[in-house]
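>>> what shape does this take:
(chains A and B)
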Number of protein chains: 2
Amino acid sequence: MADNITAQSKIVGRQSVLFQNSPYIIAAASIAGKKEGEGPMGAHFDVIQQDPLLGKDSWEEAESELIRQAAEKVLEKAGLKNTDIRYLVGGDLLGQLIATSFGIAELEIPTFGLYGACSTMGEAISVGAMLVEGGYAEKVLALTSSHFAGAEKQFRFPLDYGNQRPYSASWTVTGSGTVIIGDRNSNHPKAGEASVVIKGITTGKIVDYGIKDSMNMGAAMAPAAFDTIRQNFEDLGVEPSYYDKIITGDLGYVGKNILIDLLKEKNYDISGNHMDCGIEIFDKDSQDTHAGGSGCGCSAIIFAGYILEQLRIKAWKRILFIPTGALLSQVSFNEGKTVPGIAHAIIVEAE
Amino acid sequence: MADNITAQSKIVGRQSVLFQNSPYIIAAASIAGKKEGEGPMGAHFDVIQQDPLLGKDSWEEAESELIRQAAEKVLEKAGLKNTDIRYLVGGDLLGQLIATSFGIAELEIPTFGLYGACSTMGEAISVGAMLVEGGYAEKVLALTSSHFAGAEKQFRFPLDYGNQRPYSASWTVTGSGTVIIGDRNSNHPKAGEASVVIKGITTGKIVDYGIKDSMNMGAAMAPAAFDTIRQNFEDLGVEPSYYDKIITGDLGYVGKNILIDLLKEKNYDISGNHMDCGIEIFDKDSQDTHAGGSGCGCSAIIFAGYILEQLRIKAWKRILFIPTGALLSQVSFNEGKTVPGIAHAIIVEAE
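The predicted model follows:
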């Protein structure tokens, strides 16, 4: 492993930040759907919900309930109350973020609604970590979610329509992941035990390679992941081996290959330490998920459930986590627009 | 006018921040539609577009063009290039923020997409100011937009349907407003001339009084405005007279009365210094706009075009600006859900 990078300023290069008082992860929680629970990552989630409607009347209400449960679970795991949280930052895939709004209203926490499509967990942790280190909050709750049936209805067709899915299509994950980010100088009882810290971020630009196929989001997002990862290497002056793992959000099988090829053209080889949450979450052969998992919830529950665990047990010391988003709507798709992508990277370390 | 409040910490009370090195407004720009240009505020906007489609093929593309022009105009007014901006923060009302994504992609600026419905300008300035004072950016571009025809299609009915509007309905403003927020210690040539500064913020919670009428958004948002304004007074320990003006986003005539009544119940009388952008932007009698103007663009273009000017010429010394948002979607409305509100307050001062 390479040495730690140190910087004079928080601002590093064109798009990166290195924290001087790195915020830490106080707690994380993941609520997953049945199919996600049956996949290879199932054992790592806090709760697996067998009922896709979670006892509610609509897919949207079910997703709000996922978020509500994830927020309650992370507060419980941290031993905190809602009033201990200064800001809630997050969002979801549904138009006007209704899953989040209705899911968190009763928490009564000052809220910044965020939208970065499936990159939202990266965006939320980035903003949350800056608010903590900047001195604006002792604790910030970052969260996101997605729901298979709600996303199909929002972006493609309602499930009842029974449309066929091409092999390049991904399967939207049902789940909600959340983390509480804290200031290590605060008086939270677990602050002394801080073991997983957010060392820095690289914030993505919108990248548009002209892809127009909403059934091939991996291809739309791979150029954005490439752009952010390459920028991270340049800003920090590091090679791919600086990280034990480079973990993208939900590129799936199609997007993974594009990403690795694009980086190879710039003489960066990440094939040895790359992992994609969309590939890991389902068993491609037995679960009929084609290109892999996707949705804000995909990388969020794997981060909250699996990635943080690997850092805590020191299986990995330093990772780059890059949730990836495809910035389309059913309107932009129907109007024949391209699918631009965005990706936000977080440097996470075990101490 | 009351004395300046000073604080030991940036964090003040339950929901407020007072900056210690207040970020300043480097420049602001407003692009407005024809109807907005014909209203009482028309003379204050940088550009008035006579063509509602702005030469494009769809309402969504027209809104993206509004945003693109607003961003270009503010860069031009500030004498800056896109590469001078560290972060772009903002969003719009359309599902998945497509107006913003397609409007700003070519700027290639690291971007945090935000959604706070019509409170988005308050959210964007809040996040932007914290990123600047926190040391993460010398310059942040905050922006938002709305478009009458795009919003009607998104939330109510396409214009071609010719539906009637009840008197409680507001008229979505066509316009995009943007500001560049800067660090006064940076080397930007205009930094020494800093005259309008962001002194603090009060971040809103989601507030739901159970309103279900999407044609009466003023009533849905007034409780959120009330909650944030009351919290601002409490956190800072000030009375309404601390501000020369208390300016809400788009409550309109219906919401304004509710807000004033709710605050009176808590012994705060803002009737003498309250102003609402939704009321100011149109002439109610001659422009047939019923409850007033609304949309992210409403408070954004009045802030960029009129409010900052009043501060620069010292007509006002200190204001509280509170854009207000109604967190509904056409899906949540059709499923019979309530319309929760949110409001984010910004303390702006002339120096």
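>>> for the residue nearest in space to the middle of chain A, give me its contacts.
Geometric centre of chain A, nearest residue: A:Met121, 3.5 Å, by C-alpha atoms, centre = their mean. Taking C-beta atoms under 8 Å, 6 or more residues apart in numbering or on different chains, we find A:Met121 in contact with A:142, A:144, A:177, A:249, A:296, A:299-300, A:303, A:323. Yep, even glycine has a C-beta here, placed from its N, CA and C like the rest.
>>> do the same with A:Ile48
A:31-34, A:36-37, A:42.
>>> follow-up on the earlier one: out of the contacts of A:Met121, name the ones that lie in helices.
If you go by DSSP state H, these have A:296, A:299-300 in helices.
>>> could I get the contacts of A:Ile48 as a markdown table with distance to B:Pro166 and pLDDT?
Shown next, in a markdown table, are the contacts of A:Ile48 (distance: C-beta to C-beta, whole Å; pLDDT from 0 to 100):
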| residue | distance to B:Pro166 | pLDDT |
| --- | --- | --- |
| A:Ile31 | 40 | 98 |
| A:Ala32 | 44 | 98 |
| A:Gly33 | 41 | 97 |
| A:Lys34 | 44 | 97 |
| A:Glu36 | 44 | 97 |
| A:Gly37 | 47 | 97 |
| A:Gly42 | 51 | 98 |
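>>> which ChimeraX command selects the buried ones in those residues?
Under the burial definition 16 or more other C-beta atoms under 10 Å in any protein chain shown, those of the contacts of A:Ile48 that qualify are selected in ChimeraX by:
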select /A:31,32,33,36,37
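>>> what's the helix or strand hosting A:Leu308 packed up against?
Using DSSP states H and E, A:Leu308 falls within helix A:308-312. Applying 3 or more C-beta pairs under 8 Å, 6 or more residues apart in numbering or on different chains; DSSP states H and E, we find helix A:308-312 packed against strand A:196-202, strand A:345-350.
>>> what parts of the stretch 151-300 of chain A come near chain B?
When proximity is defined as C-beta under 8 Å from any C-beta of the partner chain, the stretch 151-300 of chain A approaches chain B at A:154, A:203-208.
>>> could you rerun that using 7 Å?
A:203-206, A:208 (C-beta under 7 Å from any C-beta of the partner chain).
>>> quick one: buried ones out of those?
Listed as buried from those are A:203-206, A:208; burial here means 16+ other C-beta under 10 Å.
>>> sorry, back to before: okay, the ones in helices among the contacts of A:Met121 in CSV with pLDDT and neighbour count next?
Below are the ones in helices among the contacts of A:Met121 laid out as CSV (pLDDT from 0 to 100; neighbours: other C-beta atoms under 10 Å in any protein chain shown):
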residue, pLDDT, neighbour count
A:Cys296, 96, 38
A:Ser299, 98, 35
A:Ala300, 98, 34
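>>> from those residues, which is closest to chain B?
For these, the residue nearest chain B by C-beta to the nearest C-beta is A:Cys296; the value is 11.7 Å.
>>> which ones are touching the closest one?
A:92-93, A:118, A:120-121, A:144-146 (C-beta atoms under 7 Å, 6 or more residues apart in numbering or on different chains).
>>> got the domain ranges for chain A?
A:18-182, A:192-350 (automatic domain parsing).
>>> and of those domains, who's closest to B:Leu311?
Closest to B:Leu311 of these, according to C-beta to C-beta: domain A:18-182, at 23.9 Å.
>>> so A:Gly95 sits right up against B:Leu93, yeah?
No - counting by C-beta atoms under 7 Å, A:Gly95 sits too far from B:Leu93 to count as a contact (9.5 Å).
>>> looking at the two, which is more packed in?
A count of neighbours by other C-beta atoms under 10 Å in any protein chain shown puts B:Leu93 above the other of A:Gly95 and B:Leu93, at 30 against 26.
>>> pretty sure the more buried one sits against B:Gln154.
Yes - contact criterion C-beta under 7 Å: B:Leu93 and B:Gln154 qualify, at 6.4 Å.
>>> before we move on, back to that, just the buried ones among the residues of the stretch 151-300 of chain A next to chain B now: which is nearest B:Leu18?
A:Thr203 (26.1 Å).
>>> how about the nearest residue to the closest one, chain neighbours excluded?
Among residues not flanking A:Thr203 along the chain, B:Pro110 sits closest, at 3.8 Å (C-beta to C-beta, 6 or more residues apart in numbering or on different chains).
>>> model confidence score at that neighbour, please.
pLDDT for B:Pro110: 98.
>>> the residues of the stretch 151-300 of chain A next to chain B in strands, which ones?
Among these, DSSP state E puts none in strands.
>>> could I get the residues you listed as a markdown table with distance to B:Gly13?
Shown next, in a markdown table, are these (distance: C-beta to C-beta, whole Å):
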| residue | distance to B:Gly13 |
| --- | --- |
| A:Thr203 | 30 |
| A:Gly204 | 34 |
| A:Lys205 | 36 |
| A:Ile206 | 37 |
| A:Asp208 | 43 |
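>>> quick one: which two of those are the most distant?
By the measure C-beta to C-beta, A:Thr203 and A:Asp208 form the most distant pair in those, at 17.0 Å.
>>> tell me the SS of the nearest residue to A:Ile211 once chain neighbours are set aside?
Once flanking residues are discounted, A:Ile211 sits nearest to A:Ala220: 4.2 Å by C-beta to C-beta, 6+ apart. Using DSSP: H, G, I helix; E, B strand; the rest coil, the structure places A:Ala220 in helix.
>>> follow-up on the earlier one: out of the helices and strands packed on helix A:308-312, which is closest to A:Glu65?
Counting by C-beta to C-beta, A:Glu65 lies closest to strand A:345-350 out of the helices and strands packed on helix A:308-312; the figure is 27.1 Å.
>>> hmm, that closest one in reach of chain B?
No - on the criterion C-beta under 7 Å from any C-beta, strand A:345-350 is out of touch with chain B, staying 10.8 Å away.
>>> can you tell me what sits against that strand?
A:122, A:125-126, A:195-202, A:228-229, A:232, A:311-312, A:314, A:316-322.
>>> and the longest strand seen in chain A, what does it pack onto?
Counting by DSSP E, the longest strand found in chain A is strand A:24-33. Packing partners of strand A:24-33 (3 or more C-beta pairs under 7 Å, 6 or more residues apart in numbering or on different chains; DSSP states H and E): strand A:47-49, helix A:59-78, strand A:175-182, strand A:196-202.
>>> so the residue nearest to A:Thr203 touches B:Val89, yeah?
No - between B:Pro110 and B:Val89 there is no contact under C-beta under 7 Å: 9.8 Å.
>>> out of those two, which sits in the busier spot?
Taking neighbours as other C-beta under 10 Å, B:Pro110 and B:Val89 compare with B:Val89 leading, 29 against 24.
>>> so that one, which of the three states?
Classified using three-state DSSP, B:Val89 is strand.
>>> do the one 4 residues further on as well
Look at B:Leu93: counting by three-state DSSP, its state is coil.
>>> about what we covered before: in a markdown table, list the helices and strands packed on helix A:308-312 along with distance to B:Ala350.
Formatted as a markdown table, these follow (distance: least, C-beta to C-beta, whole Å):
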| stretch | distance to B:Ala350 |
| --- | --- |
| strand A:196-202 | 34 |
| strand A:345-350 | 39 |
